[in-house]
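Colleague: Give me coordinates for this.
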Amino acid sequence: MRRDPFLDVLRVGAVLLVVLQHWLMPVLHLGGTGDVLEAGNALTTPGWWLLTWVSQVMPIVFFAGGAANLYSFRKATSTRAWLAGRLRRLVLPVVPMAAVWVLLPQVLLTFGVPAQPVDLAGGVAAQLLWFLVVYLLVVLATPLMAAAHGRFGPKVLLPLAGLAVLIDVVRFAGLPEAGFLNAAVIWIAVAQLGLCYADGHLDRLTRRGYAAMAVLGYTAVTLMVACGPYALSMIGMPGAPMSNMSPPAAVLLPLAVGQLGLLLLARPLLNRLAGPWLGVLGARCTTIYLWHMPALVAVAGVSVLGFGYHTPEPGTAAWFLAAPLWLGATGLVLAGLVRVFGRFEAMGGNAVPGSLRLVVGYVAALGGLLGLTVHGFSPDGPGLFDGPLPWAALVFTGVALALRDGTTRVVHNPRVSSTGHDRGILTTAPIA
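Modeller: From the prediction side, this is the model:
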């Protein structure tokens, strides 16, 4: 199967950019009596919000994921086999992370680390699991969305975009909870762009068409921000009156179109970047994503709590001088973590569980990941479900159910897509 280097570069590059941003954003220092870790965000620096119009890469992640899903789904022997494989690939790497973090906060408290930094670390380590919750929903929707795409093509995007806007209208009319519906609708819509790419629809455009996508996409973003209720930053900022990401807002749809137009213009250059490094990093994308914040926690804990380090003012010469050292330290820690825990990403086998077992597995994994995202790994809380243990147990249950065969085993029998395209990519998930 021939790989698509463009999607490979997008997927791995997006993960690396996520890591880079998350390591550079924190502005850390000790407050109070020296036992409170205060964390700001470098992107609150005046004017830096504009960087997020390019660096908010989640639209690209879900675009690449949509394309990858269509390729692999069409090659699968059955929907059940495909869904089981996706569940294992996405959630199995969470098992060692959850196992470590269920115990680690209590160990840190036992050794005298102040409670507030431990709580902060437990929340930071778990907060990015939201992606796996949403991506599992996108995976579950793929069979239906692939069928709709096969019948209606790119026209499927129109009702999805309209629904996303309608949800935002309800959200800003006084029902903010409605906005969380867009966590599914918007990212399914962006993944649907990936289906259009996988079937060759975007290949029919010329470079002028890609330029039009970029101009129209970013013009729409500008108008929605200038005239609507949307925030300037495409990444949620502390203290901001609203966030375009939590929950996702409809402004992310034209942002995805604009970013994709720019990337398609740069596709010849990006294709030349492809090389063996893509296979190495691509095979460990989920591990990198899951452990890059714990790596940050480790470096921050030692440097700030241990040595009293404080982040220089963002944008100053001192900040730019410190950034390479900070990135180097966190990179070394992450490399060690990936070496230890990366093997889980290649495990899982080819079991095809029964339908009921698969459904329960997905429900358990989704519930566990959502619970960890909301509650974090802090051991404190008035009730059992305020701590991480029951949610981690649900994640373990979901994975265990996906590792067991059902009554029949499906034999691999690849099918080529109906359009004749077979531009497969690395066999891992887009960020998995």
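Colleague: Now the helix or strand of the chain with the lowest mean pLDDT: buried residues?
Modeller: Using mean pLDDT, DSSP states H and E, the weakest-scoring helix or strand in the chain turns out to be helix 276-282, at a mean of 84. For helix 276-282, burial by neighbour count (16 or more other CB atoms under 10 Å) applies to L278, L281, G282. C-beta here means a position set from N, CA and C on the backbone, and glycine is covered the same way.
Colleague: Excluding sequence neighbours, find me the nearest residue to the first one.
Modeller: This means L278. Once flanking residues are discounted, L278 sits nearest to D8: 4.7 Å by CB to CB, 6 or more residues apart in numbering.
Colleague: so where does the one you found fall, helix or strand?
Modeller: D8 belongs to helix 5-24 when elements are defined using DSSP states H and E.
Colleague: contact partners of that helix?
Modeller: 42, 55, 57, 60-61, 63-64, 67-68, 197, 235, 263, 267, 270-271, 273-274, 278, 281-282, 285, 288-289, 292-293, 296, 323, 326-327, 330, 334, 423, 425-426, 430-431 (CB atoms under 8 Å, 6 or more residues apart in numbering).
Colleague: For that helix, give the mean pLDDT please.
Modeller: Taken as a whole, helix 5-24 has a mean pLDDT of 93.
Colleague: Repeat that for stretch 350-359.
Modeller: pLDDT averaged over stretch 350-359 gives 90.
Colleague: ok, now stretch 220-237?
Modeller: pLDDT averaged over stretch 220-237 gives 94.
Colleague: who does the closest residue to P117 other than its chain neighbours bridge with?
Modeller: Distances taken as CB to CB, 6+ apart place L37 nearest to P117, at 4.3 Å, with adjacent residues excluded. Applying DSSP bridges to L37 yields these beta-bridge partners: L30.
Colleague: Am I right that L37 is in contact with A115?
Modeller: No. Under the criterion of CB atoms under 8 Å, L37 makes no contact with A115, lying 10.8 Å away.
Colleague: rewinding a little: number of nearby residues for the residue nearest to L278?
Modeller: 23 (other CB atoms under 10 Å).
Colleague: would you say L232 is within a helix?
Modeller: No. Counting by DSSP: H, G, I helix; E, B strand; the rest coil, L232 is not part of a helix but coil.
Colleague: What backbone torsions are found at L92?
Modeller: Per-residue torsions, L92: phi -60, psi -40 (degrees, to the nearest 10).
Colleague: Against V118, how distant is it?
Modeller: L92 sits 27 Å away from V118, going by CB to CB, to the nearest Å.
Colleague: Please apply the same query to V27.
Modeller: V27 is 20 Å from V118, where distance means CB to CB.
Colleague: Might you quantify the distance of the biggest helix by length in the chain from its chain's geometric centre?
Modeller: Longest helix of the chain, by residue count under DSSP state H: helix 317-341. Relative to its parent chain, helix 317-341 has a centroid offset of 20 Å by CA atoms, centre = their mean, to the nearest Å.
Colleague: buried stuff in the helix holding D8?
Modeller: Buried, per 16+ other CB under 10 Å, within helix 5-24: 5-15, 17-24.
Colleague: For V27, grab phi and psi.
Modeller: phi -110, psi 100.
Colleague: Also P248?
Modeller: phi -60, psi 140.
Colleague: that older thread, comparing L37 and A115, which residue is more hemmed in?
Modeller: Counted by other CB under 10 Å, L37 and A115 do not tie: L37 has more neighbours, with 22 against 15.
Colleague: what number of residues lie near V340?
Modeller: 13.
Colleague: I should have written A211 there, sorry.
Modeller: The number of residues near A211, taken as other CB under 10 Å, comes to 15.
Colleague: can you list contacts of the helix or strand where it lies?
Modeller: Using DSSP H and E, A211 sits in helix 207-227. The contact list for helix 207-227 (CB under 8 Å, 6+ apart) reads 53, 205, 230-232, 250-251, 254-262, 264-265.
Colleague: Any of the residues you listed buried? List them.
Modeller: Neighbour-count burial (16+ other CB under 10 Å) is assigned, among the contacts of helix 207-227, to 53, 230-231, 250-251, 254-262, 264-265.
Colleague: Among these, which ones are in helices?
Modeller: Counting by DSSP H, the buried ones among the contacts of helix 207-227 contribute W53, P254, L255, A256, V257, G258, Q259, L260, G261, L262, L264, L265 to helices.
Colleague: Quick check: closest non-adjacent residue to the fourth one.
Modeller: So the one you mean is A256. Nearest residue to A256 in three dimensions, chain neighbours excluded: P59, at 3.5 Å (CB to CB, 6+ apart).
Colleague: low-scoring stretches of this structure, by residue?
Modeller: Within the chain, the stretches with pLDDT under 70 are 1-2, 32, 34, 380-384, 407-432.
Colleague: Show me what the helix or strand containing G85 is packed up against.
Modeller: Applying DSSP H and E as the criterion places G85 in helix 79-91. If you count contacts as 3 or more CB pairs under 8 Å, 6 or more residues apart in numbering; DSSP states H and E, helix 79-91 packs onto helix 58-75, helix 130-152, helix 355-375, helix 389-402.
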